[in-house]
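Colleague: Here's a sequence, model it:
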Amino acid sequence: MDKKKFCLVIFAIFAALINHHIINQNFISMKKLSLLLVAVVAVVFMGCSSQSSPEKVVSGQYEALMSGDFEKSFSFMKDAATTDEATKKFYIETMKTIMADYEIANFEVTNVEENGDKATVSVQFDLKDKKSNESEKQTEEHTVVKIDGKWYLE
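Modeller: This next block holds a predicted model:
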């Protein structure tokens, strides 16, 4: 079962428990229900995070770029948390300028080589020039690093 399905199953089980608690007040105490909620949220955030694996962080980056969410795209960068606002704004404005002329489509992670807290992720995608309407298949390798349990683009 992939992680998205796992997350949906966890949420469905939790929703059923809440529903059952509302219908049958004696099933589970509110304190136990609160503790269960904390446990479920922790599992979901650890297991379903967009930065829980090298592949997910690179996929998240491409999805953010494709949707035009350059602030989210920036959040996948290793230094995002410690970078000043001016640098972040510069990144976002630069990406807006670049993506105004180009479009990314059909990205696919083709290879992941993990070695401890570092990994190399290969991605293949179509890069379309919006002016000429020409599209070209591109392949890129991204280095990602694991910091405090989360993966980031280096």
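
Colleague: what sits up against stretch 144-154?
Modeller: 46, 49, 51-54, 56-58, 61, 76-78, 80, 116-121, 142-143 (CB atoms under 8 Å, 6 or more residues apart in numbering). No exception for glycine: its C-beta is placed from N, CA and C like everyone else's.

Colleague: Please repeat the previous calculation with a cut-off of 10 Å.
Modeller: Residues from elsewhere that reach stretch 144-154 (CB atoms under 10 Å, 6 or more residues apart in numbering): 46, 49-58, 60-61, 73-81, 112, 114, 116-121, 142-143.

Colleague: What subset of those is buried?
Modeller: 49-58, 60-61, 73-77, 80, 119, 121, 142 (16 or more other CB atoms under 10 Å).

Colleague: For the closest residue to S75 other than its chain neighbours, list the residues it contacts.
Modeller: Spatial nearest neighbour of S75, excluding adjacent residues (CB to CB, 6 or more residues apart in numbering): A64 at 8.0 Å. By CB under 10 Å, 6+ apart, A64 lies in contact with 50, 70-76, 95.

Colleague: mind checking pLDDT for A64?
Modeller: At A64, the model reports a pLDDT of 96.
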